[in-house]
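S.K.: Got a predicted structure here, sequence first:
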Amino acid sequence: MATVAFLATSVSAHSIFQEFYVNGVDQGHTVGIRVPSYDGPITDVTSNDLICNGGINPYQTPVSQVIITVPAGASVTTEWHHTLAGADASDPADPIDPSHHGPVISYLAKVPNATQTTVTGLNWFKIYQDGLNVTNQSWGVDRMIANKGKVTFTIPKCIAPGQYLLRHELIALHAATSYPGAQFYMECAQLNITGGGSTSPPTVAFPGAYHGTDPGITIDIYQTLANYTVPGPPVFSC
């Protein structure tokens with residue numbers, strides 16, 4: 001058991017969210033997404049870098065100024081890869097090393113302008129999560145890998161129209177037996193949501209929504225787990 005844990009924590013393969021699809025239509029490589037030049041994680045849940053990355057791992061410049069139009073209720077797909085070179089079938093760590101088990105999570109925050117540089121002080125609500133399937137002990141990241149880096153979920157149909165940041169995240173728990181150990185990978189996409197309704201979901205702040213003592217952040221995954229609590233608030237649904 002200890003040997004497995006050591007081998008997993010010694011792996012340094014990472015990942016970047018770099019492609020976005022709306023109802024199955026690819027919006028273009030890195031288009032409308034604030035992607036970092038480096039594929040490494042954030043490990044400090046109190047850091048502003050936990051919001052959209054871009055601090056420890058500076059954004060690739062120029063940062064895309066595209067705002068992607070998404071109808072409320074649309075199916076959207078994110079795509080992750082080991083490096084910004086994109087898919088690489090010869091790379092065993094693409095889209096991420098298979099040791100990096102953990103959940104996949106998505107949040108939205110309404111903003112005046114989705115290209116604004118300031119991301120602190122925003123109000124986020126969770127729209128998707130894929131954690132642990134206790135039946136076969138498989139994780140959201142495992143399913144992302146099996147789907148060649150893609151994760152599909154729905155934009156809530158009842159939220160107000162306007163511009164939003166989508167915060168899309170993987171949490172790798174292979175070294176999470178003590179804090180800091182969990183690895184957070186996240187990027188923000190710039191969206192203009194059309195249609196919709198007038199519902200204002202309950203929100204949380206980043207940093208603030210996660211704590212190092214959360215059972216979904218500090219955890220030994222090298223055992224059979226009877227349950228797993230995905231960090232953050234419940235998923236909002238209309």
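M.R.: Perfect, I can see it now.

S.K.: ok, now which ones touch the residue nearest to the spatial centre of the chain?
M.R.: Residue closest to the average C-alpha location in the chain (C-alpha atoms, centre = their mean): residue 169, at 1.1 Å. Counting by C-beta atoms under 8 Å, 6 or more residues apart in numbering, residue 169 touches 104, 105, 106, 107, 184, 185, 186. Just so you know, the C-beta spots here come from the backbone N, C-alpha and C atoms, and that holds for glycine as well.

S.K.: And for residue 108?
M.R.: 124, 125, 127, 155, 159, 164, 165, 166, 167, 191.

S.K.: Identify the bridge partners of it.
M.R.: Taking DSSP bridges as the rule, residue 108 bridges to residue 125, residue 166.

S.K.: Okay, it and residue 115: tell me how far apart.
M.R.: For residue 108, the distance to residue 115 equals 16 Å [C-beta to C-beta, to the nearest Å].

S.K.: just to revisit the earlier point, return the member of the contacts of residue 169 nearest to residue 223.
M.R.: Of all the contacts of residue 169, residue 223 sits closest to residue 104, with 21.4 Å by C-beta to C-beta.

S.K.: List the residues that contact the closest residue to the closest one other than its chain neighbours.
M.R.: Excluding the flanking residues, the one nearest residue 104 by C-beta to C-beta, 6 or more residues apart in numbering is residue 140, at 3.7 Å. Applying C-beta under 8 Å, 6+ apart to residue 140 gives the contacts 102, 103, 104, 105, 129, 130, 131, 132, 151, 170.

S.K.: cool, residue 15 as well?
M.R.: 39, 80, 81, 82, 95, 96, 100, 149, 170, 185.

S.K.: Strands of this protein, residue ranges please.
M.R.: With DSSP state E, the ranges of strands along the chain come out as 16-22, 25-26, 33-34, 68-71, 75-81, 104-110, 124-130, 132-133, 138-139, 150-154, 162-172, 183-194.

S.K.: For residue 233, which of those strands is the nearest?
M.R.: Between the strands of the chain, strand 124-130 lies closest to residue 233; by C-beta to C-beta that is 5.4 Å.

S.K.: got the contact list for that closest one?
M.R.: So strand 124-130 is contacted by 103-109, 139-140, 143, 151, 153-156, 167, 201-206, 209, 230, 232-236 (C-beta under 8 Å, 6+ apart).

S.K.: How about stretch 63-73?
M.R.: Contacts of stretch 63-73 with the rest of the structure, by C-beta under 8 Å, 6+ apart, involve 20, 22-23, 27-28, 30-35, 76, 114-115, 154-159, 161, 163, 189-197.
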